[in-house]
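> sequence plus the predicted model coming up.
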Amino acid sequence: MANTPYPESYYAASANAAPPRPALQDDVETDVCVIGAGYTGLSSALFLLENGFRVAVLEAAKVGFGASGRNGGQIVNSYSRDIDVIERSVGPKQAQLLGQMAFEGGRIIRERVAKYNIQCDLKDGGVFAAITAKQMGHLESQKRLWERFGHTQLELLDQRRIREVVACDQYVGGMLDMSGGHIHPLNLVLGEAAAVESLGGTIYEQSPAVRIERGANPVVHTPQGKVRAKFIIVAGNAYIGNLVPELAAKSMPCGTQVIATEPLGDELAKRLLPQDYCVEDCNYLLDYYRLSADKRLIFGGGVVYGARDPANIEAIIRPKMLKAFPQLKDVKIDYAWTGNFLLTLSRLPQVGRLGDNIYYSQGCSGHGVTYTHLAGKVLAEALRGQAERFDAFADLPHYPFPGGQLLRTPFAALGAWYYGLRDKFGY
Ligand SMILES: Cc1cc2nc3c(=O)[nH]c(=O)nc-3n(C[C@H](O)[C@H](O)[C@H](O)COP(=O)(O)OP(=O)(O)OC[C@H]3O[C@@H](n4cnc5c(N)ncnc54)[C@H](O)[C@@H]3O)c2cc1C
C-alpha cells in the first residue's frame, strides 16, 4: 500500500514530533466520519468531540499533507471576497451574519493554541500593503467596513509608517490588523490532531476514502476498511479529486508556491520586518511573506491554474522576493514547495449538505487559515441541529466554472491575466 510522505518543505523539516498513525484496516462504526485531516477536517472533529460526538478521521496521506501543512502561515481575517461583495450579492441580512463571523476564525485559532498548548510560533500582527493609491483607498474603505462589524484592531499606515514595519520601497501605505498574525502551519495542524486524539477521536493516516455509500446509514470505504457513520464531513478540499462529483464540478484546484531563505540572522531579519508582522500586498495575484521562528523569510505568491506543479519554483518566486527586497540578492533559498488550494468562481467558500447526512465545506480560494477553523465550528453546530450560521454560508450561490472541467483552467487563467494587468497599470 502507498505510503505518501510530506512533500519536502521548510515546514516538514521543522515539524514537531508526531506519533505514527496506522491505516484503517477494519470495519469501524462511529457518529461522524471526517474525510481529510487538514484544518477544516480537524477543526470539525475538535468541535464535535468537545460536544460529545464520536469521531473517526480518514486522511489519504498524513495529517496536514494538503494546504494546511504547506501554506504561507498568515492569519488573515474575513473571506477571499469581502463582506461588501457578499452584501451586494446576497443582501444585507445574510451579509450581517457572515460579517459577524468574518473575524471568528482567528479567535478560534488562538483559543485552540492556548487550550491545547500548541507549539506553532504564533505571532500577532498582519499588514495589508498597498502598492497603488487606488489600493490604499480600498484599504480605507475596508477599515470602515470591518469596523462596522465590530472589528477594531486596525490602523491605517501612511507611507512613512509602513516603512517602519517593512523595509520595502514598493508601498504607498497599508493597514495593520493586530488580530491578524502568523503561525507555523504544519505545527498548528499537528497540534490540532493531537488535541483530537486527546479527546478520544481516531485519525487514520494513509487511508484515502475511495467510495461513499450514500443513504440513511452511509459508509465510507478505504482500500482496506470501512467506516459506518451517522454523518460524513467531506473536508478534502483541493486534494479530494472526484470522490464527490457534485463538488468537483463547481471548483478548481490551483497551485501556489512558497520559498524559504536560509536563516537571515537577527540583525537583517529585524531590519526587514522589525515587529515581526506578516505582510500581504493588495494585488489580485498577491505576494505574501513573513519571518519564520528561526528568521528565514518565507515568501509566497503566484497561482498555477489547474494545479500543475511548476518545474522550477525558485525561478518563479525568487524574482518576486527580490523585487520587494533587492537587499536579499545574495541570500540562498533553502526550500521551495508548492501546494494546492481550491478556487470557486465567486471566490467564496462552498458549504452545504448532500442528502441528510453528508456535509461539506470547501473552496476558500487561497484565503483559508481562519475560515477553515470557523467552518469546523459551523459544521459542528449544524450536526447538533443549530443550522442558522451554516445556512448563511450554504445559501451563498455556487456557480460552475464556464467551460466545464475541460476549459475552466484556460478561462480562469485568462481572467487572472486580466486582473494582473489591472494591478500592473494601477487600475
Ligand atoms: C501554498 C499555499 C499557501 C497558502 N497561504 C495561505 C495563507 O498564508 N493564509 C491563508 O489564509 N490561506 C492560505 N492558503 C490557503 C489555506 O492553506 C487553505 O485554505 C486551507 O489550509 C485549506 O484547509 P483544508 O483543511 O480545507 O484543506 P487541506 O489542508 O488541503 O486538507 C485536505 C486534506 O484532505 C486529504 N484528503 C483529500 N482527499 C481525501 C480522501 N479521498 N480521503 C482522505 N483524505 C483525503 C488531503 O490529503 C489533505 O490532507 C494557502 C494555500 C496554499 C496551497
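Now that the structure is in, tell me what you want to look at.
> residues of the stretch 251-400 of the chain that sit close to the ligand?
Contacts of the stretch 251-400 of the chain with the ligand, taken as C-beta under 6 Å from any ligand atom, map to 256, 258, 288, 300, 339-341, 364, 366-369, 372. For the C-beta atoms, the positions are set from N, CA and C on the backbone; glycine is no exception.
> again, only this time at 8 Å
Counting by C-beta under 8 Å from any ligand atom, the positions of the stretch 251-400 of the chain adjacent to the ligand are 255-258, 278, 280, 288, 300, 337-342, 361-362, 364-372, 375.
> out of those, which sit inside helices?
Among those, the ones falling in helices (DSSP state H) are 369-372, 375.
> quick one: which of these is nearest the ligand?
The nearest member of these to the ligand, counting by C-beta to the nearest ligand atom, is residue 369 at 3.4 Å.
> wait, doesn't the closest one sit right on residue 69?
No: assessed by C-beta atoms under 8 Å, residue 369 is found out of contact with residue 69, at 11.7 Å.
> show me the contacts for residue 353.
For residue 353, the contacting residues are 359-360, 382, 394, by C-beta atoms under 8 Å, 6 or more residues apart in numbering.
> most widely separated two among those residues?
With distances taken as C-beta to C-beta, the most widely separated pair in the contacts of residue 353 is 360 and 382, at 10.9 Å.
> which one's more surrounded, the two?
Neighbour tally, residue 360 and residue 382, criterion other C-beta atoms under 10 Å: the higher count belongs to residue 360, 26 against 22.
> thought residue 331 was touching residue 260?
No: look at residue 331 against residue 260 with C-beta under 8 Å: they stay out of range, at 10.7 Å.
> which one is residue 275 nearest to, not counting chain neighbours?
Excluding the flanking residues, the one nearest residue 275 by C-beta to C-beta, 6 or more residues apart in numbering is residue 165, at 5.6 Å.
> would you report the backbone torsion angles of residue 27?
Backbone torsions for residue 27, taken as degrees, to the nearest 10, come to phi -100, psi 120.
> who is it paired with across the strands?
Here residue 27 sits in beta bridges with residue 226, as judged by DSSP bridges.
> could you pull up the residues touching it?
Residues near residue 27 by C-beta under 8 Å, 6+ apart: 225-228.
> mind putting the contacts of residue 353 into CSV with secondary structure?
Formatted as CSV, these follow (DSSP: H, G, I helix; E, B strand; the rest coil):
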residue, secondary structure
359, strand
360, strand
382, helix
394, helix
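> what stretches of the stretch 201-350 of the chain score poorly on pLDDT?
For the stretch 201-350 of the chain, the stretches with pLDDT under 70 are 307.
> try 90 this time
For the stretch 201-350 of the chain, the stretches flagged by pLDDT under 90 are 249-250, 252, 284-285, 302-311, 345-347.
> in it, which spans are strands?
For the stretch 201-350 of the chain, strands defined by DSSP state E, counting those that start in this stretch occupy the ranges 202-204, 211-213, 219-222, 225-234, 252-261, 278-281, 287-291, 297-305, 333-343, 350-354.
> with only the CA atoms kept, save the fourth one in PDB.
Taking only C-alpha atoms (Å, rounded to 0.1, in the frame of the first residue of the first chain), the coordinates of strand 225-234 have been written out as PDB:
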ATOM      1  CA  GLY A 225     -11.500  -0.900   5.600                       C
ATOM      2  CA  LYS A 226     -14.800   1.000   6.000                       C
ATOM      3  CA  VAL A 227     -16.400   3.400   8.400                       C
ATOM      4  CA  ARG A 228     -20.100   3.300   9.100                       C
ATOM      5  CA  ALA A 229     -21.300   6.700  10.500                       C
ATOM      6  CA  LYS A 230     -24.400   8.700  11.200                       C
ATOM      7  CA  PHE A 231     -22.800  11.700   9.400                       C
ATOM      8  CA  ILE A 232     -20.000  12.300   7.000                       C
ATOM      9  CA  ILE A 233     -18.000  15.500   6.700                       C
ATOM     10  CA  VAL A 234     -16.200  15.900   3.400                       C
END
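> and that strand, what does it pack onto?
strand 27-35, strand 55-58, strand 219-222, strand 358-362 (3 or more C-beta pairs under 8 Å, 6 or more residues apart in numbering; DSSP states H and E).
> any idea which of those strands gets closest to residue 89?
strand 358-362 (18.5 Å).
> can you tell me which residues in the stretch 101-250 of the chain are near the ligand?
Neighbours of the ligand within the stretch 101-250 of the chain, by C-beta under 8 Å from any ligand atom: 182, 185, 189, 207-210, 222, 235-241, 243.
> from those residues, which two are the most distant?
Across these, no pair lies farther apart than 182 and 210, at 35.7 Å, counting by C-beta to C-beta.
> tell me the one of the contacts of residue 353 nearest the ligand?
Among these, and counting by C-beta to the nearest ligand atom, the member closest to the ligand is residue 360, at 10.0 Å.
> and for the residue nearest to that closest one when sequence neighbours are not counted, the neighbour number?
Closest residue to residue 360 apart from its sequence neighbours, by C-beta to C-beta, 6+ apart: residue 234 at 4.1 Å. A count of nearby residues for residue 234, using other C-beta under 10 Å, gives 26.
> so residue 182 and residue 210 - more neighbours on which side?
Taking other C-beta under 10 Å, residue 182 and residue 210 do not tie; residue 182 has more neighbours (28 against 14).
> quick check: closest non-adjacent residue to that one.
Distances taken as C-beta to C-beta, 6+ apart place residue 278 nearest to residue 182, at 4.2 Å, with adjacent residues excluded.
> what's across from that neighbour in the sheet?
Counting by DSSP bridges, residue 278 forms beta bridges with residue 126.
> does it touch residue 287 like I think?
No: judged on C-beta under 8 Å, residue 278 makes no contact with residue 287 at a distance of 11.6 Å.
> those two: who's more crowded?
For residue 278 versus residue 287, the count of surrounding residues by other C-beta under 10 Å is larger for residue 278: 26 against 22.
> about what we covered before: out of the helices and strands packed on strand 225-234, nearest to residue 269?
Proximity to residue 269, assessed across the helices and strands packed on strand 225-234 by C-beta to C-beta, is greatest for strand 358-362 (35.9 Å).
> partners of that closest one, with directions?
strand 225-234 (parallel), strand 350-354 (antiparallel).
> of those, which stretch is the most buried?
strand 225-234 (a mean of 22; mean count of other C-beta atoms under 10 Å).
> which residues touch that strand?
Identification of contacts with strand 225-234 by C-beta under 8 Å, 6+ apart yields 23-36, 41, 44, 56, 58, 204, 207, 212, 217-220, 240, 243-244, 247, 357-360, 362, 379, 383.
> how far away is the residue in the stretch 251-400 of the chain positioned nearest to the ligand from residue 29?
Per C-beta to the nearest ligand atom, residue 368 is where the stretch 251-400 of the chain lies closest to the ligand, at 2.0 Å. As judged by C-beta to C-beta, to the nearest Å, residue 368 and residue 29 stand 31 Å apart.
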